[in-house]
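> Have a look at this prediction, sequence included:
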Amino acid sequence: MNPDVRQKLMGVSTATLCTALFKRGLRNQFIQNVYPLNASLPNMVGPAFTLRYIPAREDLNTIKVFEDRGHPQRVAVETCPEGAVLVMDSRKDARAASAGSILVTRLMKRGAAGVVTDGGFRDSPEIAELGMPAYHSRPSAPTNLTLHQALDIDVPIGCGDVAVFPGDVVVGDREGVVVIPAHLAEEIAGEAVEMTAFEDFVTEEVRGGRSILGLYPATEPGTRERFAVWRAENGR
């Protein structure tokens, strides 16, 4: 993806991005009930590369299937592009894992920007220590074969009630994960940087005792002028 867009998205919050998307009529881009395993990491930013699970059928999902080099879960890990985010549709079912630390480590070594599932990860303490952003619903020790059959790679999916198309831009922070339609990414990134600067100014004003009325939004005369001065003084 565009390096300038990536850099801008690294410095903004999912909350700000949700507001920018809302202004364009997009109300359902924040993946529900998905949380970071390590909230101390920088933002996760990258285009979506997807994997879709369906409910497992016992005769098709024995432990032997992992010997197949063409198993879709393994193929997804080995083909996820550098800089991309692997997003998994696990039907919001965390009773069995979507992946574990070995596969997530492989993703990290191949240069993935992060991994997201609306299910759970096994080996979650180890994944939390890897240094690559990872988001899930909750820890889940059982192998994915218990309940999930990996089926489709790089197709449109649903993850946490959000439609995710391959190439959509996925951004994660300490709060969660938002999905930006690919054709809006550059526009949204630029607006979010502007919004972030203004929100930082507003935060300082409020901490200094100023009322939010007329400040947020900036309807009071002189507010925009004070913001311009603040921005120049702070190099924003």
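Structure's in. What do you need?
> just the helices in this protein please.
3-10, 14-22, 72-79, 101-109, 124-128, 185-207, 223-233 (DSSP state H).
> Same list, those, but as TSV with mean neighbour count, mean pLDDT and distance to residue 173 please.
Every C-beta, even on glycine, is put in place using the N, C-alpha and C of the backbone. Output for the helices of the chain, formatted as TSV (neighbours: other C-beta atoms under 10 Å; pLDDT from 0 to 100; distance: least, C-beta to C-beta, whole Å):
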stretch	mean neighbour count	mean pLDDT	distance to residue 173
helix 3-10	16	98	10
helix 14-22	19	98	5
helix 72-79	17	97	24
helix 101-109	18	98	19
helix 124-128	17	98	16
helix 185-207	17	97	12
helix 223-233	13	94	23
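> Distance to residue 38 for those helices - can I get that in TSV?
Converted to TSV, these look like this (distance: least, C-beta to C-beta, whole Å):
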stretch	distance to residue 38
helix 3-10	16
helix 14-22	16
helix 72-79	20
helix 101-109	12
helix 124-128	5
helix 185-207	23
helix 223-233	32
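> Which of those helices sits closest to residue 178?
helix 14-22 (4.4 Å; C-beta to C-beta).
> who's in contact with that closest one?
Contact with helix 14-22 is made by 9, 27, 29-30, 171-173, 175-178, 180, 184, 188, 191-192, 195-196, 199, as judged by C-beta atoms under 8 Å, 6 or more residues apart in numbering.
> ok and that helix relative to helix 3-10, angle-wise?
Per axes from the mean of the first three to the mean of the last three C-alpha atoms, to 10 degrees, the angle that helix 14-22 makes with helix 3-10 is 120 degrees.
> tell me what the lengthiest strand in the chain is packed against?
The single longest strand within the chain, with elements called by DSSP state E, is strand 44-55. For strand 44-55, the packing partners by 3 or more C-beta pairs under 8 Å, 6 or more residues apart in numbering; DSSP states H and E come out as helix 3-10, helix 72-79, strand 85-89, strand 148-153, strand 157-159, strand 169-172.
> neighbours around residue 154, how many?
Using other C-beta atoms under 10 Å, residue 154 is surrounded by 18 other residues.
> Kindly apply the preceding question to residue 33 instead.
By other C-beta under 10 Å, neighbour count at residue 33 equals 13.
> what sits against it?
Neighbours of residue 33 in contact, by C-beta under 8 Å, 6+ apart: 92, 118, 137, 160.
> got it, and residue 154?
49-50, 166.
> Please name the bridge partners of the spatially closest residue to residue 121 that is not a sequence neighbour.
Among residues not flanking residue 121 along the chain, residue 136 sits closest, at 4.8 Å (C-beta to C-beta, 6 or more residues apart in numbering). Judged by DSSP bridges, the bridge partners of residue 136 are residue 35.
> what does the model give residue 136 for pLDDT?
Here, the pLDDT recorded for residue 136 equals 98.
> burial of the residue nearest to residue 213 when sequence neighbours are not counted, as a residue count?
Distances taken as C-beta to C-beta, 6+ apart put residue 220 closest to residue 213, at 7.6 Å, once the chain neighbours are dropped. Look at residue 220: counted by other C-beta under 10 Å, it has 14 neighbours.
> Ok, residue 89 next?
Residues near residue 89, counting by other C-beta under 10 Å, number 25.
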